[in-house]
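# Sequence and computational prediction follow.
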Amino acid sequence: MKITKTIDVPRQFIFDKITESSLYDIKQNTGKTPKISSLTGFEYQKNFGKNQSGKIKFDEVTEPSIYAFTTKTNRNTFKTRWELHKIDDQSTDVVIAEESKSSGMVQNINDTIMAFMFGKLKKRQMLAILDEISKAYNGR
């Protein structure tokens, strides 16, 4: 899945919002508060709900332009990458890419079916996050 959208929000504001969420999640799950500059390579264990947990590893965090991480569970590996391209002081091209890899043939078939059924929903959720960031910046 890949989403590209231009929003009227400075790149630094977007970066701050997505890392703010991650830092909160890290604090909740580990009690630690790492600095943004030390996130690349940082990993932690996270519970996702009923009997499901995984490891999150930050692959590349380069302020204010790149935010990439991998989420690994016993069933899947998801790689997510946000690229923030500055257009001008008030506009940013946001590129969000996510790929997943399943563990095992049965899981792969199941995930392919689920991706077909819920792919559009996932894109809508990501676009909704961008809309919320825009509203937070623009006050509407």
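Perfect, I can see it now.

# can you pull the buried residues of the helix or strand encompassing Lys57?
Using DSSP states H and E, Lys57 sits within strand 52-62. By 16 or more other C-beta atoms under 10 Å, the buried positions in strand 52-62 come out as 54, 56-59, 61. For glycine as for every other residue, the C-beta is placed from the backbone atoms N, C-alpha and C.

# What strand or helix carries the residue positioned nearest the centre of the chain?
Note on the chain: the residue nearest the mean C-alpha position is Thr80, at 5.4 Å, using C-alpha atoms, centre = their mean. Element membership for Thr80 (DSSP H and E) is strand 76-88.

# mind listing what's buried in that strand?
Using 16+ other C-beta under 10 Å as the test for burial, strand 76-88 gives 79-84.

# try stretch 17-37
Buried residues in stretch 17-37, defined by neighbour count with 16+ other C-beta under 10 Å: 17-19, 22-23, 26, 34, 36.

# and the nearest residue to Thr73 once chain neighbours are set aside, bridged to which residues?
Nearest non-adjacent residue to Thr73, counting by C-beta to C-beta, 6 or more residues apart in numbering: Gly54, 3.8 Å away. Gly54 has these beta-bridge partners by DSSP bridges: Lys46, Thr73.
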